[in-house]
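[1] sharing a sequence plus its predicted fold:
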Amino acid sequence: MNPQIRRRHFLSMVGIGALGTTALAACSDGDAGDEPADGPVDLRMTVWTASEDHLALFQEIADAYIADHPDEVSSVTFETIPFEDYTTNLTTQLAGGNAPDLAWIFESNAPEFVSSGALVDVRETLSGTEGYDFEDVGESALELWEDGDALYAYPFSNSPFVMFVNTDRLAAASQPNPAELVASDGWTYDAARDISAASVAALGGAGLVVRDFDYMNWTNLASVWGGWDAEPWSADGTTCEFDSPEMVAALEWFQDAVFVKNAIPGPGTSADFFAGDTTMTITQISRASSLDGSFNWDIVPLPAGPTQQENIVGQAGVGVLAAGANTQAAANFLAFFTNPENSASLSLYFPPPRESLLNPQTLAAGNPLFSEAQLDIVVDSISGATTKPSHANFAQVDTTARGALDAMWSADADVAAVAADVCEAIQPLLEG
Amino acid sequence: MTSITTTGRAGRPQRRSAWRRRDAATGYAFVAPAVIGAIAFVIVPLGAVIWYSLHEWNVLANTFTFVGPQNYQDMLSDGALHDSLIASLWFSLGVVVLNITLSLFLAVLLNQHLPGTTLFRVLFFTPVVVSLVAWTIVWGFLLQADNGINGFLAEFGITGPNWLRNNVTAMISVIVVQVFKNVGLNMVLFLSALQSVPEEIQEAARLDGAGAWRRFFSITLPMISPTMLLVAILTVVGSLETFALIDVLTDGGPGTSTTVLVFYLYRQAFEFNQFGYASAISVLLFVIVLALTLLQWQTRKRWVFHES
């Protein structure tokens, strides 16, 4: 074949291939159509729970909505994305033009999602829905999700951090029960550290574990440094406070508890409270589902530090994605999903922001393992609690701070110097 | 007759031309899936990445703004990128040197026709077919501070280092885990090359009084140098693309000591949502891989047998 014809043939093949590819890309673009759909639409909500019980409850609520609004919504799909990669996976869906209609969002990413314009303002839809009783939703619970008058997500879960204690280990190590120390105002971080260290010396295993910290997820240490009235950055998020005297004192206490007192397992060590060989752990109440009855346990509030006792909650919001195809239908469904009746159902698993539901009686239905006295502790731990750290540039700040903090997790680390290094590393990111 | 002959002469080229067209069409039909696949999954994405690298693209804010070479200029002043390039250099150097040395050593050993060599071949090749993530998770347990390897060392009164929490030992750990994962593949390639070295040449050298080392360096190594080139290219490219192992084992830490270039790229795109800047980094990675491959290809004439 003549070279010109050969080249022409080849170019046509390339052209056809490129056109085909473009067509395929166009088809798979999943363009978030700006025009509202004519008929009923299919909604999709991303969640990080894979619990069959949770998903069954969501589907039950969705089915009731579809039955009431057959002209608006034909189906609601709840798509589970693993917890560890949740935000990464969600943003990848956004980048790929495959945005879900609704999504759960971590508290740590809240400012980033709120300020970026990724979410739709749902205040008018929620407050304007008949019977929604918007005033019942605690104002402090909404703060993280507000920007001016706009509300960008509904904080459906407000799970407090508490201290779970293995009372069998305490008895075996002849250590006092923290519940008694709470009653006598003696429940402090120093007491928790000393009890933990003594139990390790007597029984082996691990003492106090800040669950999910693993020397990586440093924001979980908020459950500790709150007792020193420390914050990682200023309230407006622009100034690093890792090098503040309060934070340095809190981190020095932690480092001493790990490397000197042997009360907290060191880096690279695995310890699981729910396996029974750990004396106490700071975690959220939802973790109680991991208890298998193999040992006796109790919960107590977070201990007091030298300055104060501070309660911490981890919050999760559900918002409507601006890039979704059916924003108004999604907002309407959100108003139904979180109305007083459905919030009561959801509170079986997720402590609600509605003040009328925040009582031991409501929580008891979803937490049969807890006694009424323990649920009082849970309710007290939610009221007036501080939310875990968050920032408009959280992803970069989190990763950079984690890298800088690594130098702190060795026996001979100069805590104040490392804290100063953390500030030097994250200050430009805080200023944005 | 004349007219028939004329018709025959005119008809034969026409039939031949039609046959050639059909033949060409069949050929194109056969290569079409591969061509379309290459366009869809290699050429278009490559072009798209270069295009994206000229933009500031934040998926959360849904902004896609043309910024020209700004992302490339930003790379010059990005200290974290420079750190990741250094980490990549150490990682690739470690993996390439250790992998090629170890795989060649194992191949020579298994080429000795000793009893049990089949079992050892299987043992060293098995990690190649094991899931990378499963392999890495198991190593994560072995490299814990108080269990695994350190637990074994403790039996002899030795306190092992906290492998994944120290900058140097973490880098050594990821290199070793990566090498043991793939050393079996290179070992098989070297073994195959060793078995194709003609025995009569070895025999002739032996008769000339050449010792084992002399025969290895003067005959065996030159004869297997084409395989050495292949293994070197594959290992260099593979080392620069290592991601899952770092993600699962160290998450780029401690600090940024194991944040290699491809992991830094991932972090910029999928954690920081800076897809434009991440695209520029991926173009840099592409250029580095291309340059190293071309360098090896160009220098082959100096050391690869039959190429000079």
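    Thanks, I have the structure now. Numbers count the residues shown, from 1 in each chain, chains lettered A, B, ... in the order given.
[2] for the residue of the stretch 201-350 of chain A found nearest chain B, give me phi and psi.
    Closest to chain B within the stretch 201-350 of chain A is A:G268: 3.3 Å, counting by Cβ to the nearest Cβ. (Each C-beta comes from the backbone N, C-alpha and C, glycine too.) When quoted as degrees, to the nearest 10, the phi and psi of A:G268 stand at phi 80, psi 10.
[3] ok, now the one 10 residues further on?
    Backbone torsions for A:T278, taken as degrees, to the nearest 10, come to phi -130, psi 140.
[4] Provide a list of residues in contact with residue 222.
    The chain I'm using is chain A. By Cβ atoms under 8 Å, 6 or more residues apart in numbering or on different chains, the contact set of A:A222 is A:P232, A:I312, A:T386, A:K388, A:P389.
[5] oops, wrong one, chain B.
    B:F305.
[6] helix, strand or coil for it?
    When classified by DSSP: H, G, I helix; E, B strand; the rest coil, B:P222 comes out as helix.
[7] distance check, it against B:R300.
    13 Å (Cβ to Cβ, to the nearest Å).
[8] also B:V231?
    13 Å.
[9] of the two, give the one with the bigger neighbour count.
    Higher neighbour count among B:V231 and B:R300: B:V231, with 22 against 19, using other Cβ atoms under 10 Å in any protein chain shown.
[10] quick one, what contacts the more buried one?
    Contact analysis of B:V231 by Cβ under 8 Å, 6+ apart lists B:I100, B:S103, B:N186, B:L189, B:F190.
[11] of the contacts of A:A222, grab the buried ones for PyMOL.
    The following PyMOL line selects those of the contacts of A:A222 that are buried, judged by 16 or more other Cβ atoms under 10 Å in any protein chain shown:
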select buried, chain A and resi 232+312+388+389
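[12] take the contacts of A:A222 and keep only those in strands.
    Members of those lying in strands (criterion: DSSP state E): A:I312, A:T386.
[13] which pair of the contacts of A:A222 spans the longest distance?
    Pairwise distances among the contacts of A:A222 were taken by Cβ to Cβ; the largest, 12.8 Å, belongs to A:P232 and A:I312.
[14] just the element for A:Q175, please.
    Counting by DSSP states H and E, no helix or strand carries A:Q175.
[15] pretty sure it is touching A:V200, no?
    No - counting by Cβ atoms under 8 Å, A:Q175 sits too far from A:V200 to count as a contact (10.7 Å).
[16] find residues that contact each of the two.
    Common contact partners of A:Q175 and A:V200 (Cβ under 8 Å, 6+ apart): A:T279.
[17] which residue comes closest to residue 244 once chain neighbours are left out?
    Going with chain A. Setting aside the residues directly before and after it, A:S244 is nearest to A:A230 in space (Cβ to Cβ, 6 or more residues apart in numbering or on different chains), at 6.3 Å.
[18] chain B was what I was after
    The shortest distance from B:A244 to any non-neighbouring residue, by Cβ to Cβ, 6+ apart, is to B:L132 (5.3 Å).
[19] and the spatially most central residue of chain B, what does it touch?
    The centroid of chain B falls nearest to B:G238 when counting by Cα atoms, centre = their mean (2.0 Å). Neighbour list for B:G238: B:V95, B:N182 [criterion: Cβ under 8 Å, 6+ apart].
[20] from chain A, how far off is it?
    24 Å (Cβ to the nearest Cβ, to the nearest Å).
[21] that residue falls within a helix, correct?
    Yes - counting by three-state DSSP, B:G238 is found in a helix.
[22] does the residue nearest to A:S244 sit in a helix, a strand or a coil?
    Per three-state DSSP, A:A230 ends up coil.
[23] and the pLDDT at it?
    A:A230 is assigned a predicted lDDT (pLDDT) of 96.
[24] same check, this time on B:S3
    44.
[25] same thing with A:D380?
    Confidence at A:D380, expressed as pLDDT, is 87.
[26] what about stretch A:110-120 and chain B, any contact?
    Yes - using Cβ under 8 Å from any Cβ of the partner chain, stretch A:110-120 reaches chain B at A:E112, A:F113, A:S116, A:G117, A:A118.
[27] can you list the residues that contact that stretch?
    Applying Cβ under 8 Å, 6+ apart, the contact partners of stretch A:110-120 are A:94, A:105, A:144-147, A:152-153, A:237, A:315, A:317, A:319-323, A:327, A:330-331, A:390-395, B:58, B:60-62.
[28] filter those residues down to the buried ones.
    For the contacts of stretch A:110-120, buried by 16+ other Cβ under 10 Å: A:94, A:105, A:144-146, A:152-153, A:237, A:315, A:317, A:319-323, A:327, A:330-331, A:390-395, B:58, B:60, B:62.
[29] sorry, back to before: the residue nearest to A:S244 and A:G204, how far apart?
    Separation of A:A230 from A:G204 (Cβ to Cβ): 32 Å.
[30] how many neighbours does A:A230 have?
    So A:A230, with other Cβ under 10 Å, has 23 neighbours.
[31] thought A:A250 was touching it, still the case?
    Yes - using Cβ under 8 Å, A:A230 is in contact with A:A250, at 4.9 Å.
[32] and stretch A:393-402, how far out from the chain middle?
    16 Å (Cα atoms, centre = their mean, to the nearest Å).
[33] same deal with stretch A:231-240?
    In this view, stretch A:231-240 has its centroid 20 Å away from the chain centroid, taken as Cα atoms, centre = their mean.
[34] stretch A:228-235 too?
    The answer for stretch A:228-235 is 19 Å, by Cα atoms, centre = their mean.
[35] which residues sit against that stretch?
    Contact with stretch A:228-235 is made by A:219, A:222, A:225, A:239-242, A:244, A:246-247, A:249-250, A:253, A:305-308, A:310, A:389, A:391, A:401, A:426, A:430, as judged by Cβ under 8 Å, 6+ apart.
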